[in-house]
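Chemist: starting from these lines, generate the structure:
(3 chains)
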Amino acid sequence: MRSIIDTVDLTTQEIDELIKTADDIAAHPEKYAEKCKGKKLATLFFEPSTRTRLSFEAAMLELGGSVIGFSSASSSSASKGESVADTAKVISCYADIIAMRHPEEGAPLVAAMNASVPVINAGDGGHKHPTQTLTDLLTIKREKGRLDNLVVGFCGDLKYGRTVHSLINALVRYEGIKFVLISPQELRLPSYVRYDTLDKENAVYEETSDLEGSLPKLDVLYMTRIQQERFADFDEYERLKDSYVLTVEKLKKAKEDMIIFHPLPRVNEISVKIDNDPRACYFKQVLNGKHMRMALILKLLTEKDYDKPLLGDDVIANVYRCENPRCITSSEQEIVHYCRKAHSDDNIYRCVYCDKKVK
Amino acid sequence: MRSIIDTVDLTTQEIDELIKTADDIAAHPEKYAEKCKGKKLATLFFEPSTRTRLSFEAAMLELGGSVIGFSSASSSSASKGESVADTAKVISCYADIIAMRHPEEGAPLVAAMNASVPVINAGDGGHKHPTQTLTDLLTIKREKGRLDNLVVGFCGDLKYGRTVHSLINALVRYEGIKFVLISPQELRLPSYVRYDTLDKENAVYEETSDLEGSLPKLDVLYMTRIQQERFADFDEYERLKDSYVLTVEKLKKAKEDMIIFHPLPRVNEISVKIDNDPRACYFKQVLNGKHMRMALILKLLTEKDYDKPLLGDDVIANVYRCENPRCITSSEQEIVHYCRKAHSDDNIYRCVYCDKKVK
Amino acid sequence: MRSIIDTVDLTTQEIDELIKTADDIAAHPEKYAEKCKGKKLATLFFEPSTRTRLSFEAAMLELGGSVIGFSSASSSSASKGESVADTAKVISCYADIIAMRHPEEGAPLVAAMNASVPVINAGDGGHKHPTQTLTDLLTIKREKGRLDNLVVGFCGDLKYGRTVHSLINALVRYEGIKFVLISPQELRLPSYVRYDTLDKENAVYEETSDLEGSLPKLDVLYMTRIQQERFADFDEYERLKDSYVLTVEKLKKAKEDMIIFHPLPRVNEISVKIDNDPRACYFKQVLNGKHMRMALILKLLTEKDYDKPLLGDDVIANVYRCENPRCITSSEQEIVHYCRKAHSDDNIYRCVYCDKKVK
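Modeler: Just a heads-up that it's a prediction; the model follows:
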């Protein structure tokens, strides 16, 4: 049995296979219409996310399975103080596979450690969201025909953008990727992503605050939203915000075959006038997301014999405590505090749940 | 592809056909049990309405399809600022047909303009609720055997009663309908319904505040609730409210074959002692509502070739702005302000979303 | 047609048959996978309870049926003032069977009196929760091989624990049961349960405040949670609480084949270190609960000819009024106040909805 908590749980070969399955699903949906007949997906959404939840539910239904679950914590047993571990054990009696979204980092990992069915992380706070990243990879592959030798621009809030960090982390595995990191100074990519991911993998990247000037060289543009509340200085926000809105005018400077991504929901950072431009791929991402989730559900439900442990034997139990208040360790009862040594530095240990430094 | 936003989107012939299909469904449910196998309905309820939502869901399930969706705005992406247009585009990737309830007038039309699947308006604020009206027509036909030559009384809150306005609007198309409009002065039918619908169609109607006196002549009695908050003067409310409550005593004055309607939920405006009277049809309406929604879902899913545009070529874009704060134009980003000339008056233009005057 | 509002609605023979069916379902799930094809369960949860709701939903899906419903009152018509009686009539048009949880005592009985489909009480306030009790009986039978000649300990909050009262009420029907009632003085079993159930049936029982000392003699230990808010004196709570937490250390004193129950959700009253002990049965209860609900749904959907009235002819209408503020009679409009004479005392009459004394 196997769970997917992070994109790095999958090898690049496995990702290629998922993309192939997703493509086959798109081409021959009827072949898959009964594949999960009699199987149940539990969508455990401790915070609302219509798009992700309905994507999982549509995916399971198109495989012939059915769905149970909840869409917010208030209608769950969590409001009565039940631990994530107990919830996972309970739901394992009802469903064949679980998709969990939770505001606390590491909660899906705790669920996977306790469930007797596969768990898919559907987003844990600002931490990981692997099915979004897999969807982004599928979309790049479908639109550009390849996952290597691309100039990929990320624009907007690169500091807090979980989907940005995950996609960068996934793309550094491929050859010839050049990253263009476009953001105001306040919202630069965090140094730990630059050091631990980009520098460690010798990735080629540049940082800039200039969207218009960067557009001509991009093959892929990943837009995100800049939120006012991220700025200490309101005037600074007012001065900057329009530079990071994609308009028809700015888009004239881009390549004819550049593709535009957005993790959605969009507020106003991409003009709706661009929606009909063939380069706009953000609604294609939605459809691709359903296909990718179908491929992933199928994979996990058929890999019964998978026996690699969820945590490797390099973890250390209850030596260092995680102090991250957004980590599941801060609220889960009687939890074992696991950490492991960072790849980059022998003196750094990271919490296995939230990846924050514990030493 | 076709969407149903208002009852007037359907011709009387089409309504007749829907009634025939609904009757056939009631008589031979097994014939329809697999008609929508593999199809998905999305119930997008931005405000709660158990009865309407469960009616749509039961309808789709009895056609062999399945259902995804949400039952309140708080568990939707709207809470993150997503536009109705974007939600419609996203959900089109997941479902084959959409039923949308929204507190803002015109929201389902915006959805229909952006979705790539049919949209059914399941109620947009105080504006339209076509499946309720179709259900009322089906119930009259089933109970009285005809839709013409009837004396139809509407009682209670005729000012704000959306279902009342819609049913009047639908019934004026039929011959020999006489309307009896029973309400306190404060809650009379709005003048625009009297002028634009009743007078324009030369309908026969009378206005009265006397329920008991009107009862003997009615073939159909449509009850609605009088809410205290509609009255400026509390004493006036106290004085009047009991006159508009239907009791066993009052019912003695009605015809033996009069039928009683209520859009539900009822609070106390019809005594529960009347529930077992054969004239009480309000729970039959519920069953009929399911059959009508089945007929409508079937119709829309099979009319793929329908190519009449959602908006006619008589609309004018961005000349007059709608100022109605309850209209979707007040909140949707980058929306085109469409209006069209009123039938009754060349100098009046109405917003296509909410039907309010814009000039 | 038949509804299940209380465990005592079932004879011990019927309970035995349900247990047999549940066992057969567990052994041969494929035999039951299409038994309810085309049938719909409505889960009407006026207060949230993930575990119970998802158990019912999983049960119906594993029988090949489908599910509609709501998971909290805020997304139901109750927020618009609809009565439970009307909701039951409406939902009867949509579903083949109803599972209702409601905060008011007696609400599921009112639903059953008005629905035209079977109603299962899924918990009504602090009153009854028959599928939990049936699940407990199934678990004892599966784990111990019998329902008689057992020493059964109940530990913790015996005063407010609805599941405790119900299970005691069910177990007194079997021979040779000895009850050990373990609780602080403040949370003793209420006198009406001792008198009306234990004493009336000549049951053998002892009361004690000592968990550790009682452990060696128990065949079954039913743990519940002690909540701080139940204590007038905080110091008393602090002094006592640890005595009623089950730890690995304490468990050493128990029999090798004792079984541990908990109605869940657990907070900290059973150490998670015990979860892997073979005596821990609380997650088995969850699985058993699904099987028992499958058996019950099947039974009710096939017993169409059952014609015993819901209320016997010993009820008296509108003579004594129930004054219990948590009873459905306090909020339901135009409800008939039914009561019946208590078995134990000719001078006592109890409300049929909530079982509280009305005279």
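Chemist: can you give me the pLDDT of the spatially closest residue to A:Gln333 that is not a sequence neighbour?
Modeler: In space, and not counting its chain neighbours, A:Gln333 is closest to A:Ser83: 5.4 Å by Cβ to Cβ, 6 or more residues apart in numbering or on different chains. For the C-beta atoms, the positions are set from N, CA and C on the backbone; glycine is no exception. A:Ser83 carries a pLDDT score of 93 in this model.
Chemist: ok, now A:Ser79?
Modeler: 61.
Chemist: pretty sure A:Gly69 belongs to a strand, no?
Modeler: Yes: counting by DSSP: H, G, I helix; E, B strand; the rest coil, A:Gly69 is part of a strand.
Chemist: what number of residues lie near the closest residue in space to A:Lys341 that isn't next to it in sequence?
Modeler: Leaving out its chain neighbours, the residue that sits closest to A:Lys341 by Cβ to Cβ, 6+ apart is A:Tyr349, at 5.8 Å. Neighbour count of A:Tyr349, defined by other Cβ atoms under 10 Å in any protein chain shown: 19.
Chemist: pretty sure A:Tyr349 sits against A:His337.
Modeler: No: contact between A:Tyr349 and A:His337 fails when scored by Cβ atoms under 8 Å: they sit 10.7 Å apart.
Chemist: what's the overlap in contacts for those two?
Modeler: A:320, A:358 (Cβ atoms under 8 Å, 6 or more residues apart in numbering or on different chains).
Chemist: got a pLDDT number for the residue sitting furthest away from the middle of chain A?
Modeler: Centroid-distance maximum for chain A: A:Asp235 at 32.1 Å, with Cα atoms, centre = their mean. Listed pLDDT for A:Asp235 reads 86.
Chemist: what about it, distance to A:Lys241?
Modeler: According to Cβ to Cβ, to the nearest Å, A:Asp235 stands 11 Å off from A:Lys241.
Chemist: A:Ala317 reaches A:Val336, doesn't it?
Modeler: Yes: counting by Cβ under 8 Å, A:Ala317 touches A:Val336, with 5.2 Å between them.
Chemist: which residue, other than its chain neighbours, is closest to A:Ile203?
Modeler: For the record, residue A:203 is Ala, not Ile. Per Cβ to Cβ, 6+ apart, closest to A:Ala203 is A:Val172, 5.0 Å.
Chemist: I'd say the one you found and A:Thr197 touch.
Modeler: Yes: in this structure, A:Val172 is within contact of A:Thr197 by Cβ under 8 Å, at 5.9 Å.
Chemist: and chain A, what are its domains?
Modeler: A:7-128+A:287-302, A:137-279, A:312-359 (automatic domain parsing).
Chemist: ok, for A:Glu47, nearest residue in space, not its chain neighbours?
Modeler: Looking at A:Glu47 with Cβ to Cβ, 6+ apart, the closest residue is A:Pro103, at 4.9 Å.
Chemist: what about that neighbour, distance to A:Val84?
Modeler: Counting by Cβ to Cβ - A:Pro103 and A:Val84 are separated by 11 Å.
Chemist: between these two, who's got more neighbours?
Modeler: Set side by side, A:Pro103 and A:Val84 show more neighbours around A:Val84, with 27 against 14, by other Cβ under 10 Å.
Chemist: ranges for the helices of the stretch 201-350 of chain A?
Modeler: A:211-214, A:234-240, A:248-251, A:282-302 (DSSP state H, counting those that start in this stretch).
Chemist: most packed of those?
Modeler: Of all the helices of the stretch 201-350 of chain A, helix A:282-302 has the most neighbours on average by mean count of other Cβ atoms under 10 Å in any protein chain shown, namely a mean of 23.
Chemist: anything in that one near chain C?
Modeler: No: applying Cβ under 8 Å from any Cβ of the partner chain, one finds helix A:282-302 out of contact with chain C, separated by at least 15.8 Å.
Chemist: quick check, that helix touching chain B?
Modeler: Yes: on the criterion Cβ under 8 Å from any Cβ, helix A:282-302 is in touch with chain B at A:283, A:286-287, A:289-290.
Chemist: farthest pair within those?
Modeler: A:Phe283 and A:Lys290 (11.8 Å; Cβ to Cβ).
Chemist: where do the contact lists of those two overlap?
Modeler: With Cβ under 8 Å, 6+ apart, A:Phe283 and A:Lys290 have common neighbours B:Cys93.
Chemist: what residue lies at the spatial centre of chain A?
Modeler: Geometric centre of chain A, nearest residue: A:His129, 2.6 Å, by Cα atoms, centre = their mean.
Chemist: so what's it closest to, chain neighbours aside?
Modeler: A:Gly123 (4.3 Å).
Chemist: please, which helix or strand holds that neighbour?
Modeler: Assigned by DSSP states H and E, A:Gly123 belongs to strand A:119-124.
Chemist: so which elements touch that strand?
Modeler: helix A:50-62, strand A:97-102, helix A:107-114, helix A:130-144, helix A:282-302 (3 or more Cβ pairs under 8 Å, 6 or more residues apart in numbering or on different chains; DSSP states H and E).
Chemist: and the contacts of it?
Modeler: A:3-6, A:43, A:45, A:49, A:52-53, A:56, A:88, A:97-109, A:111-112, A:128-132, A:162, A:296-297, A:300, A:328.
Chemist: centre of the chain to that strand, how far?
Modeler: Here the centre of strand A:119-124 is set off from its chain's centre by 9 Å, with Cα atoms, centre = their mean, to the nearest Å.
Chemist: any idea of the mean pLDDT in that strand?
Modeler: The pLDDT scores in strand A:119-124 average 96.
Chemist: now what about the helix or strand bottoming out on mean pLDDT in chain A, what contacts it?
Modeler: Using mean pLDDT, DSSP states H and E, the weakest-scoring helix or strand in chain A turns out to be helix A:234-240, at a mean of 83. Outside helix A:234-240, the residues that touch it by Cβ under 8 Å, 6+ apart are A:184, A:186, A:226, A:228, A:231.
Chemist: go on, stretch A:352-359?
Modeler: Counting by Cβ under 8 Å, 6+ apart, A:105-106, A:109-110, A:127, A:311, A:315, A:320-324, A:326-329, A:337-340, A:342, A:347-351 sit against stretch A:352-359.
Chemist: that older thread, which residues touch the residue nearest to A:Lys341?
Modeler: Taking Cβ under 8 Å, 6+ apart, we find A:Tyr349 in contact with A:316, A:320, A:339-342, A:357-359.
Chemist: reformat those residues as JSON lines; add pLDDT and neighbour count.
Modeler: Shown next, in JSON lines, are the contacts of A:Tyr349 (pLDDT from 0 to 100; neighbours: other Cβ atoms under 10 Å in any protein chain shown):
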{"residue": "A:Ile316", "pLDDT": "95", "neighbour count": "15"}
{"residue": "A:Tyr320", "pLDDT": "94", "neighbour count": "16"}
{"residue": "A:Cys339", "pLDDT": "96", "neighbour count": "25"}
{"residue": "A:Arg340", "pLDDT": "94", "neighbour count": "17"}
{"residue": "A:Lys341", "pLDDT": "91", "neighbour count": "15"}
{"residue": "A:Ala342", "pLDDT": "82", "neighbour count": "16"}
{"residue": "A:Lys357", "pLDDT": "92", "neighbour count": "17"}
{"residue": "A:Val358", "pLDDT": "92", "neighbour count": "23"}
{"residue": "A:Lys359", "pLDDT": "84", "neighbour count": "14"}
